[in-house]
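J.: Sequence first, predicted coordinates after that:
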Protein chains: 2
Amino acid sequence: MSKKFVYFFGSGKADGKAAMKQLLGGKGANLAEMTNLKLPVPPGFTITTEVCDLYYKNKKKYPTGLDEQINSNLVKLEKAMGKKLGDNKNPLLVSVRSGAAVSMPGMMDTVLNLGLNDLSLQGLVAQTGNERFGWDAYRRFINMFGDVVMNVPHEEFEHALQTIKTKYRAKNDTDLNAAQLKEVVSEYKKIYKKFTKEDFPSNPKLQLKKSIEAVFSSWNNPRANKYREINDIKGLLGTAVNVQAMVFGNMGNDCGTGVCFTRNPSTGENKFYGEYLMNAQGEDVVAGIRTPEPISHLQKTDKKAYDRLISIRHKLEKHYKDMQDIEFTIENEKLYMLQTRTGKRTAAAAVQIAVDMMKEKLIDQDTAIMRIEPQMLDQLLHPTFETKALAKSKPIASGLPASPGAAVGQVVFSADEAEKFYESNQYKNIILVRIETSPEDIGGMNVSKGILTARGGMTSHAAVVARGMGKCCVAGSSSLKIDYKTKSMNVKGKTIKQGDWISLDGSAGNIYSGKLPTMEAKLTGPFGQIMKMADSVRKLGVRTNADTPADTKVAVEYGAEGIGLCRTEHMFFDHPGEKPGTRIKPFRQLIMVAEKVKLLRESLESAKIAEEKTEIAQIEKELAKPLKQYKEALAALLPLQRKDFEGIFKALQSRPCTVRLLDPPLHEFLPHDEKGQAEMATLMNLKVSDIKRTVESLHEFNPMLGHRGCRLGLTYPEITQMQVQAIIEAAINVKRNFKIKVHPEIMVPLIGTVKELSIVKEQIQDAIAEVFKAKKSSKQEIPYLIGTMIEIPRAAITSDEVAKVAEFFSFGTNDLTQMGCGFSRDDAGKFLVDYVKMGIYEYDPFQVLDQAGIGKLVEMSVKLGKSTNPNLKVGICGEHGGEPMSVKFCHRTGLNYVSCSPYRLPIARLSAAQAVIEEKRAKKKK
Amino acid sequence: MSKKFVYFFGSGKADGKAAMKQLLGGKGANLAEMTNLKLPVPPGFTITTEVCDLYYKNKKKYPTGLDEQINSNLVKLEKAMGKKLGDNKNPLLVSVRSGAAVSMPGMMDTVLNLGLNDLSLQGLVAQTGNERFGWDAYRRFINMFGDVVMNVPHEEFEHALQTIKTKYRAKNDTDLNAAQLKEVVSEYKKIYKKFTKEDFPSNPKLQLKKSIEAVFSSWNNPRANKYREINDIKGLLGTAVNVQAMVFGNMGNDCGTGVCFTRNPSTGENKFYGEYLMNAQGEDVVAGIRTPEPISHLQKTDKKAYDRLISIRHKLEKHYKDMQDIEFTIENEKLYMLQTRTGKRTAAAAVQIAVDMMKEKLIDQDTAIMRIEPQMLDQLLHPTFETKALAKSKPIASGLPASPGAAVGQVVFSADEAEKFYESNQYKNIILVRIETSPEDIGGMNVSKGILTARGGMTSHAAVVARGMGKCCVAGSSSLKIDYKTKSMNVKGKTIKQGDWISLDGSAGNIYSGKLPTMEAKLTGPFGQIMKMADSVRKLGVRTNADTPADTKVAVEYGAEGIGLCRTEHMFFDHPGEKPGTRIKPFRQLIMVAEKVKLLRESLESAKIAEEKTEIAQIEKELAKPLKQYKEALAALLPLQRKDFEGIFKALQSRPCTVRLLDPPLHEFLPHDEKGQAEMATLMNLKVSDIKRTVESLHEFNPMLGHRGCRLGLTYPEITQMQVQAIIEAAINVKRNFKIKVHPEIMVPLIGTVKELSIVKEQIQDAIAEVFKAKKSSKQEIPYLIGTMIEIPRAAITSDEVAKVAEFFSFGTNDLTQMGCGFSRDDAGKFLVDYVKMGIYEYDPFQVLDQAGIGKLVEMSVKLGKSTNPNLKVGICGEHGGEPMSVKFCHRTGLNYVSCSPYRLPIARLSAAQAVIEEKRAKKKK
């Protein structure tokens, strides 16, 4: 005997059940489950997904025994319905629907009203006493079968229908009467024959067989393949096929159909929610030609059906322990359940439902935590566009959803101008549009509501800074042709000028012209509860990436247990409200003389070695002026940066703070365009040519791999010295003046070998010792740590050595991915999309940590590091620290904490809790 | 009793021996050895290097017992000499000299004539009967002791001497008579007192103690520290101190002194070689005031001494089994040996001596092979400047010795112009001077004698290409200020214009103005013998990096066993002699339409999925023209590249050839300057704005990590297809037309994950299958392999996966170093020099493979790769393949071959042989 290929459901019991989703598909499994729950499900049977697999393996032939099993189940079905397929008196009509284990709405084929032919049509008319209904059902069947099963162009049927409608001056399909529909059927049959070279098949079993095969074939149609690719659906055998007795909601006024959710899928409110239409088919509810009624009205229309529905609602929720999305049909006052499945919901609803169901004791805490997709929380933390407005609008272009939220504002193409317009109150709502942004643009970004760039990926400068600021950003929208000269951009033929309003959806990566209405984000009660629950479960610490007191405060509100990455580069740029040049002027002064100072110092050293006294004197004389400028610049920056750190330390309220020493290459602090250079020359009383020469001499072919990170400090140790002095003095001041403990963790970026770290560590220790001495302080008062970022592959693979000198590691997985995979995050956007499409990477490695590659480096580094320094503290501060799968990886790898931008903290907290629960569940399974 | 601190030598026997170099220093050990050999060595004693170490550990105090040991050895010495230190009749004079285990010439201090005071001076005068000699010795001693031991400024003594010389109108020191020298002594004593606040010490034992301490102190003077740093001298305890009886070559005409080599250190000829001067001191031979006589003349002057010297020469060579560098003094007809040490030699001499000594059975083959420093072979393979001319010239600037050899030519600042000038015969000897070079400059580089760049490191484009071409190159000479506009450069104030002559020393990295005379390289007989010997010993294969038939031929002559890296990018640029645009024009045409083709193809795919028929038709129409241009371009390139491969395969004469598919980013093939773009526009009948737009759209922030390598082929598979077709068709043609077997190994560059390789491998296999089908060929006829470069860290750490798909790995250690260490080789020159100085890297990791880091990645990759594919063939094709230490690492790591530029092949062959011998010797030791 052959394997069981077909599972029957009906008459109060079913062969299958909900747990058999892989075999029966989601639809089939739930139909079986509902049947077993004694819910009124039209009977039918499910052909398994295994058959689909065999069908393909068998060169698109039925496996042996399938025909027999279908036949015997069909007999069972006819018996259950008391009807017969193709019967001219009491004909059984069936639907043939696809249904994979994972829902793929609209991707595969469906055939309805199967079983109709010229004879059974008479039976249907007799049964229903409704001739028009009969002919309408028939013409729909021929159209659907022809289109779906036999590939007859749908337009041909449409065209014929239109001709007849014109002929009878019918506006809508519903205006056609029985006779006219009969004419349609006749035309349809002709079309069918024309294209298939055969008559429309009157044998219902042939109809069935061809329809089942069509559903199997649709599993591999390009649309379905694409859908699975896009939605990352993998490892399925195929689709199941559900053959089910038809019930009709459009047979009269005692008929109807509806779609409901057991709770409100938008808010999560525990209230039955949905819509229905009397005398209508399922698609009518969705299509929007007639406006459906809210489900509560059904009480009045059909109290019996409504009450039954309410009781089913409770039964389903109690059974499935989750909010259900259901479809029903009322045929001649009889309620039928056609589908139930776990309902999709907004983030707000997910949180509300999880908390409510836990209170209702439907689920336990772990389940409540697992119910929420961490990524969804983004929706709760940023303003969003009103759903309805969004549905009606068409984006003019799209890019990467680089930083979530909604922003509406007037376009400005320069960061400087954005600041000017903002300060002069000319524009208050600004969208800064740039080809790409650079650290100079910080001020302009800060006054903008949203940022839009034509170039750059999810971790481009614009994206990273915007996320840090919690500002909406769409990055890398390559169809924008931005022209700075004319202050305009061309978007697929449409010109947008400075001052024009646009709307950015940073969560979806869409750009709209004009102003779209927005809704503000709220941290509602249940959200806080979920976070509390997550915190009680998770083991991984959660820190934030922040470099201003304001960001720090937000982060603490969002649950940050400290700062994992305090970037210091912005402390060299003017802050909003400061006199222009306050910081950048002295720093640029330093940069202008830095190389000269370095070269002269080297010459001096050589001269000293050679004991050439006159040369020594001469060099010392030459060095005096630039050295003075160099030191003056640092002296000017020191108090400002000390103040920055004081603000941050205060906001942290005794939480630890990992401060990264200056990281970007110096050329990022100089203007690269002629205008900027001219301005700088005027402001600083320098020659433009000198500025140009310095910019040129600092130019690098691959700045990513250039003179940055600890390399800067090794060349210009005084910068490190100043930064450390600012940090430690600030710590002492905050401790003494506000009685707030400070735990500075000084982090050396971009080390490749332990020797770099040893040298810089010594510099740091010397600088600290000096401050301690001057301030009569000690490590007891300011318990500092010195550690390093692990972001160069070499540092990862030699971490045993590095850990001998470092007190902590923080994985800079952005750069580790860049160097480990050989991608420049500013450029790779161009081909990474294709790479993910081709399956070369499962996800964009800048968004989701590449566990098989970069993750291996991280694991290796942790293991090696702890082998020589068991007390090593290990965290991650790359953008991955706020991405759920990556956070879970960090938990599994034994990291102490993740650090992410403030707005991603709830995601990290939830993910970390889920990681614990997943681990627990996996252990149980073993 | 305390440890033995002092080792005596004299009277025919010594406490020490040659093997005790670490303890006695090179000088002391060899003095002991010579004494034991019964050679006439003035007696003396050596204070060990351990004492130096203890002296520093002991806060610069003598260790206990040292005083006593010195005293007892001094007594022994006085006895051996029959003289007494400080005696007024028969005074013993001694020298006090430093001597570490490794020679550090001139770095540490020496005191001569020690033991003189007012009394012993009388004894010296009485002994020698030469009053002038006595006073001269005395004043020299005071000067030396004052300067070296007591830090009295040397200029003070010079000044006093000058004053007296002026007073007596003496031109030279030798013009001063005894009385005048006595006056000098008196002045010197005053100076001494003025600066030291004490009288010149008349106690010879105090003189000795202070001198010994001075030598110890000189071990750590800045010069000596610098010298050790530069010469990478590590792990020494300190310096020994040699106290030795003085002998004088300047006491009369029966006295003399000389410096000799037991063989010719320049040619290696087995002939006594050296110079001497009668009535002279050691420094006179070197100083060049008097012209020394060739040593053969000594036969006439002092036959007895000469014969003795010849017999000593033989004795020493037989004993040391190597060429010796000796110093001798004749005092009153008596020959004394003052020093012997292994003599430094040129590469030619090293080879000649090794081969000769093997023939003489002085040494065995292994020793002969080990005797030659592989790096030195460079000297034998490139023209060099005449040694004498070089000695007289001062470089105007220096840079990195990027490609060895000597080149003399006229300066040209543009590659295009270089080609024009060359073709028009305006200049035949050109030095191409660029800020940096790019692939467009290949033509200009090709017609130049040498290349000079202001930027870039040892593995910059200029350096790599120059080495490949065997052309001299000095790279990264940062003091050049090049101005393309005025066609001139400023070098430390001096202006050099187009057409001016300069000379480049690529082996030393020096630049000279004007024309320096050169010598051509010769591959002499013994060189060939050594190579043959090396080949018989080595296990590592040796291949070459070559991409032209000419280079291939040279490489085969130099012993290449195949091509390990055939770059294909130059096949897209015009070759010398081809009509301008032959290749670059079609390729640029392809680049101009490539992106459009890609975008339209994607739209087409989407439209097909959406089944939008009118859109499909429209896109297909739009695609037609660019697609035609795209395919035409490839069709134009195919026959040209096929011809290139045919030439290479023929030159290889059945040796295997690893061909790397196109690697550089496409923008490298477009002109970046306005002029070039205008020219391209005219030539190709395009708008400049279109070219500009394409250049801009291809611009990358970090091209090193950009759209290149296999990423190109994934986006534009037709390029891969064309290249593979050209390779396989060429292979078939060469096989069929010339009966030469071809073993193409197709190499996919820059893979980061196995999936990239799988996809490209399939493309390659499809392309091959097509050619095989068309040509009725098969893998049997053309046994090809498909493999990959391992140059991205991720590929190295996931090599178990990669090796499942690859048939061979070739380590691209240049890029692996760039990404693994986070250095851009075009930029890192700026700070890598400092990094090596600071000891962060022991060597520039682009020159010498960073074994602790990048080497670890290589080892990991080999191990992982072989774990899943035991037949995996593994090689290296980075620049390290020709560097001795790296080659030895490759041997130890179990690689199958190294590949390097043709001119480095002999180095690789010798290094590979030495690796085997070193391994054998290390095993023996265990």
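T.: Received the coordinates, thanks.
J.: How about the secondary structure of the residue most central in space within chain A?
T.: In chain A, the residue lying closest to the centroid (C-alpha atoms, centre = their mean) is A:Gln375, at 6.0 Å. Of the three states, A:Gln375 takes helix according to DSSP: H, G, I helix; E, B strand; the rest coil.
J.: how about the closest residue to chain B within the stretch 751-900 of chain A, phi and psi?
T.: Minimum separation of the stretch 751-900 of chain A from chain B (C-beta to the nearest C-beta) falls at A:Ser824, amounting to 3.6 Å. The C-beta positions use only the backbone N, C-alpha and C, and glycine is treated the same way. With angles defined as degrees, to the nearest 10, A:Ser824 sits at phi -90, psi 120.
J.: Confirm for me that it is in contact with B:Phe701.
T.: Yes - look at A:Ser824 against B:Phe701 with C-beta atoms under 8 Å: they come within range, at 5.8 Å.
J.: so what sits against both of these two?
T.: With contacts defined as C-beta atoms under 8 Å, 6 or more residues apart in numbering or on different chains, the residues shared by A:Ser824 and B:Phe701 are A:Met704.
J.: how close does A:Asn507 sit to A:Pro105?
T.: For residue A:507 the amino acid is Ser, not Asn. According to C-beta to C-beta, to the nearest Å, A:Ser507 and A:Pro105 sit 21 Å apart.
J.: if you count what's nearby, which of these two comes out ahead?
T.: Regarding A:Ser507 and A:Pro105, a neighbour count based on other C-beta atoms under 10 Å in any protein chain shown identifies A:Ser507 as having more, with 19 against 6.
J.: Count the neighbours of A:Asp173 for me.
T.: For A:Asp173, the neighbour count with other C-beta under 10 Å is 14.
J.: and what of A:Lys485?
T.: 6.
J.: OK, contacts around it?
T.: With C-beta under 8 Å, 6+ apart, A:Lys485 has no contacts at all.
J.: what does A:Ser488 give?
T.: Contacts for A:Ser488 were tallied using C-beta under 8 Å, 6+ apart; they are A:Phe413, A:Thr495, A:Ile496, A:Lys497, A:Gln498.
J.: out of those residues, which are buried?
T.: By neighbour count, with 16 or more other C-beta atoms under 10 Å in any protein chain shown, the contacts of A:Ser488 hold A:Phe413, A:Ile496, A:Gln498 as buried.
J.: quick one: which of these is nearest B:Pro265?
T.: Among the buried ones among the contacts of A:Ser488, A:Phe413 lies closest to B:Pro265 (C-beta to C-beta), at 71.1 Å.
J.: Just give the nearest non-adjacent residue to the closest residue to chain B within the stretch 201-350 of chain A, would you?
T.: Residue of the stretch 201-350 of chain A nearest chain B, by C-beta to the nearest C-beta: A:Pro222 (4.5 Å). Excluding the flanking residues, the one nearest A:Pro222 by C-beta to C-beta, 6 or more residues apart in numbering or on different chains is B:Ile609, at 4.5 Å.
J.: quick one: the one you found from A:Arg223, how far?
T.: From B:Ile609 over to A:Arg223 the distance is 6 Å, taken as C-beta to C-beta.
J.: before we move on, what SS does A:Pro63 have?
T.: Here A:Pro63 is coil, with the state taken from three-state DSSP.
J.: So is stretch A:678-697 next to chain B?
T.: No - Stretch A:678-697 is not in contact with chain B by C-beta under 8 Å from any C-beta of the partner chain; minimum separation 8.8 Å.
J.: Low-confidence ranges, the stretch 701-850 of chain A, go.
T.: Applying pLDDT under 70 to the stretch 701-850 of chain A flags no residue at all.
J.: And the helices in it, which stretches?
T.: A:710-715, A:717-738, A:754-775, A:793-797, A:799-802, A:813-821, A:829-837 (DSSP state H, counting those that start in this stretch).
J.: want to try a markdown table for the ones you listed, with distance to chain B and mean neighbour count as columns?
T.: As requested, the helices of the stretch 701-850 of chain A are exported to a markdown table (distance: least, C-beta to the nearest C-beta, whole Å; neighbours: other C-beta atoms under 10 Å in any protein chain shown):
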| stretch | distance to chain B | mean neighbour count |
| --- | --- | --- |
| helix A:710-715 | 6 | 23 |
| helix A:717-738 | 11 | 21 |
| helix A:754-775 | 4 | 18 |
| helix A:793-797 | 4 | 29 |
| helix A:799-802 | 8 | 24 |
| helix A:813-821 | 5 | 28 |
| helix A:829-837 | 6 | 19 |
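J.: thinking again about what came up before, what number of residues lie near the residue of the stretch 751-900 of chain A closest to chain B?
T.: A:Ser824 has 22 nearby residues by other C-beta under 10 Å.
J.: tell me the contacts of it?
T.: Applying C-beta under 8 Å, 6+ apart to A:Ser824 gives the contacts A:Asn702, A:Met704, A:Gln818, B:Glu700, B:Phe701, B:Asn702, B:Pro703, B:Met704, B:Leu705, B:Gly706.
J.: Fine, thanks again, bye for now.
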